[in-house]
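K.L.:
Requesting a structural model of the entry that follows:
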Amino acid sequence: MIMPKFVTVDLRPLRLFAAAIEKQLRTATAGPVHNAIKQWAYRYRSFAKARFAKFSRGGGNWHRLEESTKKRRRKARRGYKGGRRFSILWDTGKLIGALEPRVQTPGQLTQSIPFGVRVGYGGPARHPRGRATIADIASFHQEGIPVGKGGAQRRKREIIVEPDSAAIEDMTEYMLRALDRLGKSVEHRG
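P.N.:
Residues are numbered from 1 along each chain as shown. The predicted structure follows:
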């Protein structure tokens, strides 16, 4: 009679690897996976800022500025001579500034959440021309909601959108490198 042979597979390194991934994703514990998620926030902001700049100059699907808005901006500038190009949502630079990836700026939100990162607008920073926060103004445009005394409908101009395929590819690469580093560190511990 032939006796069956058994193979024992030690799954402890795999369990350590899975636990290390989960810990970094769930609790924002320092390490390669957590660092990759921080890179995701940076990459998303880079994408969103470049998109904002393109769309504000007419390169996307944002509605053009109303003539009344252009006139208001002209009055605010002394010595206006005509021929000026008007950028959409770029009057003071606060909305696009809050998308800056390299530094923390007023109106910016970056928040670690379980299994990811939340990026967008937030916080108490007020817009220089009114009582609304920078996050409020971003929300008014993102949703196209009524604002002001008369409840005039804002044009919907989405700022926070799904990243493009290039950003997703980069983010995927960041995480694959992080998992490789983490796997090597667990391998040395196991």
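K.L.:
Could you use CA atoms for every contact and neighbour count after this?
P.N.:
Fine.
K.L.:
now the strands for this protein?
P.N.:
According to DSSP state E, the chain carries its strands in the segments 108-113, 116-121, 146-147, 152-153.
K.L.:
so who does the spatially most central residue of the chain touch?
P.N.:
The centre of the chain sits closest to Val119, judged by C-alpha atoms, centre = their mean, with a distance of 3.8 Å. The contact partners of Val119, by C-alpha atoms under 8 Å, 6 or more residues apart in numbering, come to Ala41, Tyr44, Arg45, Gln108, Leu109, Thr110, Gln111.
K.L.:
Are any of those residues buried, and if so which?
P.N.:
Buried by 16 or more other C-alpha atoms under 10 Å: Ala41, Tyr44, Arg45, Gln108, Leu109, Thr110, out of the contacts of Val119.
K.L.:
How about Val117, nearest residue that isn't a chain neighbour?
P.N.:
In space, and not counting its chain neighbours, Val117 is closest to Gln111: 5.6 Å by C-alpha to C-alpha, 6 or more residues apart in numbering.
K.L.:
cool, Ile88 as well?
P.N.:
Of all residues not flanking Ile88 in the chain, Ser56 sits nearest, at 4.3 Å (C-alpha to C-alpha, 6+ apart).
K.L.:
how far away is the one you found from Arg64?
P.N.:
In this view, Ser56 and Arg64 are 9 Å apart by C-alpha to C-alpha, to the nearest Å.
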